[in-house]
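[1] Could you work out the structure for the sequence below:
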Amino acid sequence: MAVPETIKAVVIEGDKPVVKLNVETPKIGKEGLLIKVKAAAGNPTDWKHIAYKIGPQGAISGCDVAGEVVKVGSEVDKSDFQVGDTVFGLVHGSSVKFPGNGAFAEYSALDSKLAVKLPLKQASSSTLPEGPVTTFEAAASLPVSLFTAGAVLEDNFKNKQVWEPKEPQHDFPILIWGGATGVGQFLIQLAKRFHGYTKIIAVASKKHEQILKEYGADELFDYHDKDVIEQIKSRYPEIPHLVDAVSNEDTIKQVYKVAADTKPARLVQLMTMSEENIPKADRRSNVTIDGTLLYQATGYEVPFGSITIPASPEYRETIINFLKFIRPKLVSGEIHHIPIKVYKDGLEDVPEVLEAIKTGKNSGEKLVIAL
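    Predicted coordinates:
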């Protein structure tokens, strides 16, 4: 397949994502794959890179991508990937270091170590109920959410890569605030399959209760309830592992309040927040705020707004090993994609998708564009 020299892509222009023609086709390195993009998904990180000026002007946006391999780097093991394979993977769209590559483009460059080969076809419907991953649209919904969930459970909480062990790995519960977010839904599935905890407590809208319990949540608290914190604390005063899968100024304060009273507790948030975000009167010495930043999986240091996050070969290795472990579970259908809404006008739909995510119009589903 002849690869064009220029492509259509969504780039940062001012404070907006804009569809542009004649953008240079991304180059691949020795361990890279060039894919013809068939589907790409939106994430909160995409609009945040634009709104908070993390991404440079002209950078291609988008992190979640699936497509067909059209070119393979010289050092990629040919038993792993070949031209014609269907794959999904993670790219750091809107990146300072690699602004010429992103998911919202006709072609995208993937790091072969952060790509997963699966048999995929194009979806025919514009809504996909949760289920096994068989389409490009379903596969594109996975990378950021699934890889982050794997990192949190293994890297932050030291769960081992074991599938359905008899005994729980931790003799206590985990709380996932934002259980219906992309990361939340995968955290519940993985925590259940890893048998990481005695109980999985989800905080989400009541309307998502059925699907979250099917995934493995044992109990659901509705964050709409004014006394939700009191409800949780009265039943579970000593929760040591907590995830804020929403990670905004309000939710981190709420999750902090439900952390264990006396036992050491670890709260994982998905932005760059810290104890500084907690009112001084509420701070407690037994609660640690931790984080995960999936972009460290690239193996490079990550300029991120006013800070630069150092390269972490260990974090990269964690994600690479997780992908090897989880791929057979995706093939077998044991791990499901979450509900999906498919946009059919390709890259033209990206601005609308990012606005919908920014304004909270999507609930419990992933928004995916089909090319």
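
[2] how much space is there between the closest residue in space to residue 86 that isn't next to it in sequence and residue 191?
    Spatial nearest neighbour of residue 86, chain neighbours left out: residue 120 (4.0 Å); criterion: Cβ to Cβ, 6 or more residues apart in numbering. No exception for glycine: its C-beta is placed from N, CA and C like everyone else's. From residue 120 across to residue 191, the span is 26 Å (Cβ to Cβ, to the nearest Å).

[3] swap in residue 240?
    Residue 240 is 14 Å from residue 191, by Cβ to Cβ.

[4] Please apply the same query to residue 51.
    In terms of Cβ to Cβ, residue 51 sits 31 Å off from residue 191.

[5] Same question for residue 258.
    According to Cβ to Cβ, residue 258 and residue 191 sit 17 Å apart.

[6] Comparing these two, which shows the higher neighbour count?
    Ranked by neighbour count (other Cβ atoms under 10 Å), residue 258 and residue 191 place residue 191 first, with 29 against 24.

[7] Which neighbouring elements make contact with the longest helix anywhere in the chain?
    In the chain, assigned by DSSP state H, the helix with the most residues is helix 313-331. Applying 3 or more Cβ pairs under 8 Å, 6 or more residues apart in numbering; DSSP states H and E, we find helix 313-331 packed against strand 115-117, helix 143-151.

[8] now the next helix or strand after that helix: mean pLDDT?
    Once helix 313-331 ends, the next helix or strand along the chain (criterion: DSSP states H and E) is strand 340-343. Here strand 340-343 scores 98 as its mean pLDDT.

[9] Show me what strand 340-343 is in contact with.
    With contacts defined as Cβ atoms under 8 Å, 6 or more residues apart in numbering, strand 340-343 is touched by 39, 123, 125-128, 137-138, 141, 349, 352-353, 362, 365-370.

[10] ok, back up a step: the helices and strands packed on helix 313-331: which one's closest to residue 26?
    strand 115-117 (14.1 Å; Cβ to Cβ).

[11] List the strands paired with the closest one, with their directions.
    strand 86-90 (antiparallel) (DSSP bridges).

[12] Could you list the domains of the protein?
    6-142+337-370, 148-292 (automatic domain parsing).

[13] Helix or strand: which one has residue 214?
    Going by DSSP H and E, residue 214 is in helix 209-215.

[14] buried residues in that helix?
    Using 16 or more other Cβ atoms under 10 Å as the test for burial, helix 209-215 gives 209, 211, 212, 213, 215.

[15] of those residues, closest to residue 175?
    Out of the buried residues of helix 209-215, the member with the shortest distance to residue 175 (by Cβ to Cβ) is residue 212, at 12.8 Å.

[16] any idea how far the closest one is from residue 186?
    12 Å.

[17] Also residue 143?
    With Cβ to Cβ as the criterion, residue 143 and residue 186 are 11 Å apart.

[18] what do you get for residue 224?
    In terms of Cβ to Cβ, residue 224 sits 23 Å off from residue 186.

[19] higher neighbour count, those two?
    A direct count of neighbours by other Cβ under 10 Å for residue 224 and residue 186 places residue 186 higher, at 27 against 9.

[20] Three-state assignment for that one, please.
    helix (DSSP: H, G, I helix; E, B strand; the rest coil).

[21] Also residue 225?
    Strictly by three-state DSSP, residue 225 counts as coil.

[22] Verify the contact between it and residue 254 for me.
    No - here residue 225 does not reach residue 254: they are 11.6 Å apart, not a contact under Cβ atoms under 8 Å.

[23] And these two? Which one has more around it.
    Comparing residue 225 with residue 254 by other Cβ under 10 Å, the one with more neighbours is residue 254, at 17 against 13.

[24] contacting residues for the more buried one?
    So residue 254 contacts 177, 223, 228, 229 (Cβ under 8 Å, 6+ apart).

[25] Where does residue 22 sit: helix, strand or coil?
    Applying three-state DSSP: residue 22 is strand.

[26] How about it, nearest residue that isn't a chain neighbour?
    Residue 22's closest residue in space is residue 6 (Cβ to Cβ, 6+ apart), at 4.6 Å.

[27] Just give me the neighbour total for the one you found.
    13.

[28] re the thing from before, make a PyMOL selection of the buried ones in the contacts of strand 340-343.
    Per 16+ other Cβ under 10 Å, the buried members of the contacts of strand 340-343 correspond to this PyMOL selection:
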select buried, resi 39+123+128+137+138+141+349+352+353+362+365+366+367+368+369+370
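
[29] which element follows the strand or helix carrying residue 189 toward the C-terminus?
    For residue 189, the enclosing helix or strand under DSSP H and E is helix 182-193. Going down the chain from helix 182-193, the next helix or strand is strand 200-203, by DSSP H and E.

[30] thinking residue 262 is in contact with residue 240, fair?
    No - with contact defined as Cβ under 8 Å, residue 262 does not count as touching residue 240 (10.3 Å).
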